[in-house]
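[1] Sequence and predicted model, in that order:
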Amino acid sequence: MTRRSTSPVAAALAILLAFAAPALAAATRIPLPPPPGSSPNLGPLPGDDPLENDHIPGPVRNTEVVHVGVGPSGSVVSVVGDQTLVMNGAGDFAFHVPGPALRVEAPPDQQTQPGLRRGAVLWQGFNSGEKTLVSRVTLNPKQDIFRTLPIRVAITVRRDDSPATLPGAGTFDVAVRLINNTAKPALLYEQTPDRASLAILLDVLHSALMQGRRPYAGRDGIPDALPATDAGTKRTEQIEIPVLVDGSILFRGRGIRGEPVRVHAMTGAGSPVATVHARVSAERLSSIQISLSARPSPPAAGVLQPARTSWRDEVADANTLQLRALGVRAQRVMWQVSMLADFDAYLGNPGKGASQTKYLYESAAPTVSSVGERERVRPLGIALTLVAAMLVAGNGTVLWRRS
């Protein structure tokens, strides 16, 4: 792996903090949001372990496409994940991908085939150096209490200013609401940061976002805390990450008078909801079909764009309230960047390695369960594991993350 060189600005920040910290009270520091860490894999549910010990001889690259089926009202009726795992490292492997899975399929000519036991997908075999495992996993969305989809969809249809059901005839007003679903509680410190340290941090964060990189505390010269001139206070805030939504809305039926609607919207960048409106007339409107992609995205670099040449000039004459506000803004951006890792994988990476996931929303019929009584998820197990998942770490973020 090529080591990324630390920028001169980031190096200067690290040196400055090393000398500035002793001059300030040791306890007067602003902890910066932690980077995404490797947390234990929770699944499957308590009492249902299909494998006592997972073992993977090397790193795993995980690529997923998550197909989210939505009903006429926009509610989720099915979730199917297409997963490709590329393993590197020779040796035996045995691991599981948490459920609750209803079905798992793989290409018939694939040498290693997955199994399904008590809602978890099982993989076992031998890797001579590099092995690719492909599967399609149908989940039970009603029992999947851990994973979070990036958006929710709500579809309403009205005719003559009254709620309407389809199929029907006439002129219809359609509203498709795209609701950001990424919010999580995060701890923000309202303290007065050291002026010079804050300016360098803001410049580093802005530069990283401009280059399409994810700036993390404790990496690439970014410290894990800023020196501050007072103790201040702290508070919890619900923070959401931006989600870019693209796609189309189509109208099916007979005698349709209305064009398909193109969708290009951002949720979570100042507004948690984006609404797409359309009017369509039809002799018979049978259904409204949506086809959308949702992409969790880092905050725009413009959020940290200084009004002057650099943040050093910007903070030179800032007062205490302005310095505190800028410190909170930097923390909020770093939380958003850290939270992106929650959506890099949906089914989850069973090992250590990079993950990338696409989320596709399409109109669909409900999933029909084919899981027998032995494969069903136990309510008690759900309750116990939910309690574990709700534990909050010291910095205010939910402890569990998908690796």
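    Happy to help now that I have it.
[2] Only C-alpha atoms from now on, for both contacts and neighbour counts.
    Will do.
[3] I'd guessed residue 262 sits against residue 247; true?
    Yes. Assessed by Cα atoms under 8 Å, residue 262 is found in contact with residue 247 at 6.0 Å.
[4] Neighbour count: the two, which is higher?
    residue 247 (17 against 14; other Cα atoms under 10 Å).
[5] middle-most residue in this structure, spatially?
    The centre of the chain sits closest to residue 343, judged by Cα atoms, centre = their mean, with a distance of 2.6 Å.
[6] right, and that residue touches residue 295 too?
    No. Counting by Cα under 8 Å, residue 343 does not reach residue 295; the two are 9.0 Å apart.
[7] list residues touching both of those two?
    Residues touching both residue 343 and residue 295 (Cα atoms under 8 Å, 6 or more residues apart in numbering): residue 150.
[8] one step back: next up, phi/psi of the residue nearest to the centre of the chain, please.
    Torsion angles at residue 343 (phi, psi; degrees, to the nearest 10) stand at phi -110, psi 0.
[9] Using the record's domain definitions, break the protein down for me.
    Split into domains by automatic domain parsing, the chain comes to 1-31+149-345, 49-147+349-403.
[10] for the longest one, what is the average pLDDT?
    Read that as domain 1-31+149-345. Averaging pLDDT along domain 1-31+149-345 gives 89.
[11] Please apply the same query to stretch 129-138.
    96.
[12] Could you shift the numbering so residue one becomes 29, and keep it that way?
    Noted, 29 is the first residue going forward, which turns the last one into stretch 157-166.
[13] how about it: buried residues?
    159-166 (16 or more other Cα atoms under 10 Å).
[14] What is the biggest helix by length in the chain packed up against?
    Scanning the chain for the longest helix, with DSSP state H as the assignment, gives helix 348-367. Helices and strands touching helix 348-367, by 3 or more Cα pairs under 8 Å, 6 or more residues apart in numbering; DSSP states H and E, are strand 212-218, helix 223-238, strand 261-267.
[15] So which of these is nearest residue 139?
    Counting by Cα to Cα, residue 139 lies closest to strand 212-218 out of the helices and strands packed on helix 348-367; the figure is 41.1 Å.
[16] Can you tell me what sits against that closest one?
    Contacts for strand 212-218 (Cα under 8 Å, 6+ apart): 58-59, 260-268, 352-353, 355-356, 359-360, 363, 423-426.
[17] From the chain's centroid, how far away is that strand?
    Counting by Cα atoms, centre = their mean, to the nearest Å, strand 212-218 is centred 18 Å from the centre of its parent chain.
[18] partners of it, with directions?
    strand 261-267 (antiparallel) (DSSP bridges).
[19] can you give me the angle the partner strand makes with helix 348-367?
    Orientation of strand 261-267 against helix 348-367 (axes from the mean of the first three to the mean of the last three Cα atoms, to 10 degrees) gives an angle of 40 degrees.
[20] Next, the buried residues of strand 261-267.
    Under 16+ other Cα under 10 Å, the buried positions of strand 261-267 are residue 267.
[21] any chance you could map the strands in the stretch 279-428 of the chain?
    Taking DSSP state E, counting those that start in this stretch as the criterion, the stretch 279-428 of the chain carries its strands at 289-295, 301-324, 383-391.
[22] ok, now which ones touch the most far-flung residue of the chain relative to its centre?
    The outermost residue of the chain relative to its centre, with distances by Cα atoms, centre = their mean, is residue 311 at 41.6 Å. Contacts for residue 311 (Cα under 8 Å, 6+ apart) come out as 196-198, 281-284.
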